[in-house]
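>>> Sharing a sequence plus its predicted fold:
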Amino acid sequence: MKPFFILIALFYCWIPNWGKSLYPLLPYPQKITYTDKQLVLDKLYLDTTEEISQHWKEWLQNINATLTPAQTDKTIKIKIKGSLPEIPIPSDESYKLSITEKQIEVTATSSTGAYRALQTIQQLTTYAKNNRSYCLPTCEIIDWPAFRIRGFMLDVGRTYISINELKKEIELLSKFKINVFHWHLTENQAWRLESKIYPKLNAPENMTRMPGKYYTLQEAKELVAFCKQRYVTLIPEIDMPGHSAAFVRTFHTDMQSEKGMEILKRLMDEVCETFDVPFIHIGTDEVLFTNPQFVPEMVAYIRNKGKKVISWNPGWKYQTGEIDMTQLWSFRGKAQPGIPAIDSRYHYINHFDTFADLIALYNSRIYNQDMGNEDLAGSILAIWNDRYLQNEKQIVADNNLYAHMLALAERSWRGGGYGYFDEKTNLLRKKDTEIYTQFADFEDRMLWHKTHTFKGEPFPYVRQANVVWRITDAFPNEGDLDRAFPPEQEEKESYLYKGKIYQSHIVYGAGVYLRHVWGELVPGFYPSPEENHTAYATTWIFSPEEQKVGLFLEFQNYSRSESDLAPQQGTWDYKGSRAWLNQQEILPPVWENSHKERSNEIPLTNENATSRPPIQVTLHKGWNKLFLKLPIGKFKTPEVRLVKWMFNAVLVTPDGKKEIDNIIYSPDKTTTTHLSQAQ
C-alpha cells in the first residue's frame, strides 16, 4: 500500500469542488482558513526535537523532499507549549498550524498534538505537475478534539483476529485521529491471551471456538508498541467475573470464589506486567454477583499495580472514586457525576446495517452532548462477534467497519451533531437542510478515502445521499404477507383504501428502517410501527444509456450477534419482501446456509448483501422504476430474533465496488430538481 499522503498527492493534481471542503480532510478541522497560495515542498529545514522529528522525517522522505542539515529559506518549525489560549478544551492533542509560502509552523500542546497536525498535513499534501513537486496550500488551522476518547473495540475472545489484521485496522484508523483500540481478550468461548503461569488457559480443549488460537505475551507487547508509535492507546479487557466460562472450564472454579480470586490476581500480575498501558478494563457486565468483595478487591489490586481501571455500566455499581472510568452499554448505560464515561450505547455496529445506521451515527451527538468534559470522555464503537465469522475480511465488510469508524472519527473530533441516536434526526427526510448538506459533504470526503486510503480493503459503502424514495403509509395486512394493495396497481402520492387515506413520504438514503432493529428505542421511518402491515417504496432512476449494473439489495440485515436462520430458498426473508425493476421481479440469490436449527457456531455466509455479488440488472435508457414491497408480520419470529423491517437498495457497478455516477434517482420521473445531481 502506498503511503497515505502520496495517495492524496497523486489524486490532487487538480482541486475538485468539495463544496465546504476543498480537500478530503477527515475529520474536518475545527477552524481552517485558506489563503490561496502554495508552499512547494522541495528543500526544507526541520526545526524540532528528536522525539517529534521521526514521523516528520518519514513524511518528507516519502514525498521526495530534501531535508537540509542547515537552515534554508523554507522551514518546518514545531514548538510545544503547555497550553494554547485559542483552544476551548484542555487537550494534549491540540495544535495550531500555519502554512505560508516559506514555512510550516506547528504549535502543539504535546508531541501528540504535533502528530495530529502531521496527519492533517498529510491530507493536505498535493502534487503540482507544473514543477513536479509536492505542495501544501497556504492556510491557518486551529484544531482540537471535542472528545478525548475516540476508539473502536474488537471482541477477539469469541472470534480470534490475527495480529496482522489488527495492526492494519489500527494503522488505517489512526490516520483519522482515532486514538483508542479496545481489545476484548477473554470470553466464554476462549481466553485469548497467553498465560505462562497457567498455560492450560490457552489449551485447545478449554476453547469452544477456534481452539488453539490466542495471542502470545510478546505479540501483546508488540501491539502496545505499535499503537504507541501511532499515538493510539490500547485498552486490554479481561472480563470478570462474568463472560468467564473459559476460566471455569480450565480451573473448575468460579472467579468469585476464594480460589478463583487467587488465580485471577496472579493472572492480573501477568497482564499488568505485559501491558505498558494506563488502563485495564475489567468488564463486570451481565453477571450475578455472589461475592460483594470481588469487584472492590480486584479494582484495588489492579490500581496498586499502577493501572487505572475501566468497567462496564450497567455492571458493578460504583460510587465516585471507586472506579476510574465507566463504559456505557445498551440504552441503560448511565453516566455518573465524578466518574468519566465512554459512550458505547447504541454503538454496537455488529447490529448496524450498511447505510441507515451510518446516517444515524454521523448525526448523533455523543451522549447527547456537543463536546466532552471531565465526566464525558468520548465514544467507542464495538464489534461483538457472537455469531462465528471465520473470515476476517467478512467481519470488516459485514460490519461496515471503516465507514462507521470514519463517521465516529469526524463526530468525536469535531463534536456537535443533530440529536442523539434514539432521536428523529437519524433519517435524511429533506434535502434543503444543514443535516443533509453536512452529511453529503462528509460522504464525499469519506468516499475519496475509500478509493485511495482504503484501496483494496473491504469497504462496502457507496454513495447514498443522492438516493431518494417515496414510501407509503403502511396498509394493514391482517397477517397475510402476500396481500396486494393499491400501490401495486398504480403509483400515486396518496391512496384511498377501505375509506382511509394512505399518504406517501419522501426520504433520502440507500437504507431505510421502517422499524429499527431496536424497536421503539430508536425511531424508524414510521413513528409507531405496527405488526401485520405492508409498505411500499419507489424510486425512479434516469439512465442516459442502456447499461448493465449491479443492485445491492437486502431486506433483512443479519446482525453478527444473532443465530438467525438464512431465508428459505426462493424468498428474500421471512417477511415476504419482494422487488421489481421495470415490472420484472428481482429474484433472491441462492442461500448457501440451509440448516434449520439456529446456532451461533454456523458462520454467516451470503445472508448479508456485503457478502455476496450484487444482482446483475439492466437499466434501460431513460426512466427505470425500482419498486419494493415491504410486508411485516411479527417483530420477532422463531427464525429471526430481531426482525428488521427495513431495506437496503442502491445501484452499483457490476463488481459492487462503486456507485453508478451517471444516473439520477427521483421519487417520481417527472421531478426535475434532481437533475443537478448528475452534473
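That came in fine, so what should we check first?

>>> what sits up against stretch 581-597?
551, 553, 565-572, 578-580, 602, 604-607, 612, 615, 617, 620, 624-627 (Cβ atoms under 8 Å, 6 or more residues apart in numbering). For the C-beta atoms, the positions are set from N, CA and C on the backbone; glycine is no exception.

>>> can you tell me which residues contact K200?
Contacts for K200 (Cβ under 8 Å, 6+ apart) come out as N206, T250.

>>> quick one, what contacts the closest residue to I238 other than its chain neighbours?
Of all residues beyond its chain neighbours, the one nearest I238 is T186 (5.3 Å), with distances taken as Cβ to Cβ, 6 or more residues apart in numbering. Residues near T186 by Cβ under 8 Å, 6+ apart: G157, R192, L193, E237, I238, D239, H243, S244, A246, F247.

>>> F226 now?
Contact partners of F226, counting by Cβ under 8 Å, 6+ apart, are K167, I170.

>>> what do you get if the cut-off is 10 Å, keeping everything else the same?
I163, L166, K167, I170, E171, S174, F181, V232, L234 (Cβ atoms under 10 Å, 6 or more residues apart in numbering).

>>> Now, of the contacts of stretch 581-597, which are buried?
551, 553, 565-567, 572, 578-579, 604-607, 612, 615, 617, 624, 626-627 (16 or more other Cβ atoms under 10 Å).

>>> thinking again about what came up before, which of the contacts of stretch 581-597 fall in strands?
Cross-referencing the contacts of stretch 581-597 against strands under DSSP state E gives L551, L553, R578, A579, W580, I615, V617, N624, K625, L626, F627.

>>> pretty sure the third one is touching G570, no?
Which is R578. No: look at R578 against G570 with Cβ atoms under 10 Å: they stay out of range, at 11.2 Å.

>>> What about T618, how many residues nearby?
By the criterion of other Cβ atoms under 10 Å, T618 has 13 neighbours.

>>> Just the pLDDT for it.
Note on T618: pLDDT of 98.

>>> try the one 3 residues further on
As predicted, K621 sits at a pLDDT of 97.

>>> In contact with it, which residues?
Counting by Cβ under 10 Å, 6+ apart, K621 makes contact with F542, S543, P544, E545, E546, Q547.

>>> again, but for D36
Applying Cβ under 10 Å, 6+ apart, the residues near D36 are P137, T138, C139.

>>> Turn those residues into TSV, columns for neighbour count.
Supplementary listing: these in TSV, determined by neighbours: other Cβ atoms under 10 Å:
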residue	neighbour count
P137	19
T138	18
C139	21
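
>>> Next, name the residue at the spatial heart of the protein.
Against the mean C-alpha coordinate of the chain, by Cα atoms, centre = their mean, the closest residue is H404 at 2.1 Å.

>>> ok, and that one, which helix or strand is that part of?
Take DSSP states H and E as the rule and H404 turns out to sit in helix 401-414.

>>> Show me what that helix is packed up against.
Helices and strands touching helix 401-414, as assessed by 3 or more Cβ pairs under 10 Å, 6 or more residues apart in numbering; DSSP states H and E, comprise strand 149-155, helix 163-174, helix 356-363, strand 376-383, helix 434-451.

>>> What about the protein, which residue is the most distant from its middle?
Most distant from the centre of the chain: G499, at 45.4 Å, with distances by Cα atoms, centre = their mean.

>>> Quick check on L44: phi, psi?
Main-chain torsions, L44, degrees, to the nearest 10: phi -140, psi 150.

>>> got a markdown table for the helices and strands packed on helix 401-414, with mean neighbour count too?
Formatted as a markdown table, the helices and strands packed on helix 401-414 follow (neighbours: other Cβ under 10 Å):
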| stretch | mean neighbour count |
| --- | --- |
| strand 149-155 | 25 |
| helix 163-174 | 18 |
| helix 356-363 | 25 |
| strand 376-383 | 24 |
| helix 434-451 | 19 |
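
>>> K393 is nearest to which of those?
For the helices and strands packed on helix 401-414, the distance to K393 is smallest for helix 163-174, at 8.8 Å, taking Cβ to Cβ.

>>> what separates the closest one from the chain centre, distance-wise?
Relative to the centre of its chain, helix 163-174 is centred 14 Å away, using Cα atoms, centre = their mean, to the nearest Å.
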